[in-house]
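# return atomic coordinates for the entry below.
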Amino acid sequence: MKKQLTRFVAVGIVTAIIDYSLTMILNALGLHRQLAKVVGWIFGTIAAYVLNSRYTFNTAMSAKTAVAVGVLYASTFLVQNLLWWATKAPLEALGLEGFWMNTVSFVIAQAVATLTNFFLQRTVIFRAK
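I've put the predicted structure just below:
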């Protein structure tokens with residue numbers, strides 16, 4: 001489990017950079033904050049599935065696992081975007097705005113999604129047979 005968790009975190013860092021970078025760039029270019037997050041999430045999620053199935057859990061990608069991961073990611077997508085939205089007002093009340101508010105919102109949402117995804121992928125989707 002320790003080896004898988006280490007790899008999962010490494011993959012998570014790489015894919016979070018993809019998600020975060022796209023989110024921030026698109027938002028800076030004028031795309032609505034929520035829509036920018038959706039686009040960043042989509043690209044980060046695709047990279048996460050490919051890397052985790054091959055590198056972290058050492059399994060072949062298949063339609064069955066892709067659907068299972070898709071369902072899992074869809075549910076964490078909702079949680080992650082809810083946290084992205086819900087953290088905006090409290091962070092603004094603390095005096096954070098723009099880049100810093102978005103960065104803290106991203107870290108909170110990403111942390112919850114990463115932990116949830118690891119345990120569900122390890123125990124349900126890519127469990128050892």
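# which of the helices and strands in this structure ranks last by mean pLDDT?
Within the chain, confidence by mean pLDDT, DSSP states H and E is lowest for helix 63-86 among all helices and strands, at a mean of 86.
# quick one: list the elements packing against that one.
For helix 63-86, the packing partners by 3 or more Cβ pairs under 8 Å, 6 or more residues apart in numbering; DSSP states H and E come out as helix 33-51, helix 98-120. (C-beta placed from N, C-alpha, C; glycine too.)
# who wins for proximity to Val69 among these?
helix 33-51 (5.2 Å; Cβ to Cβ).
# for the record, mean pLDDT for the closest one?
For helix 33-51, the mean pLDDT works out to 91.
# quick one, that helix and helix 98-120 angle?
Helix 33-51 and helix 98-120 are oriented at 40 degrees to each other (axes from the mean of the first three to the mean of the last three Cα atoms, to 10 degrees).
# what packs against helix 33-51?
Secondary elements touching helix 33-51 (3+ Cβ pairs under 8 Å, 6+ apart): helix 2-28, helix 63-86.
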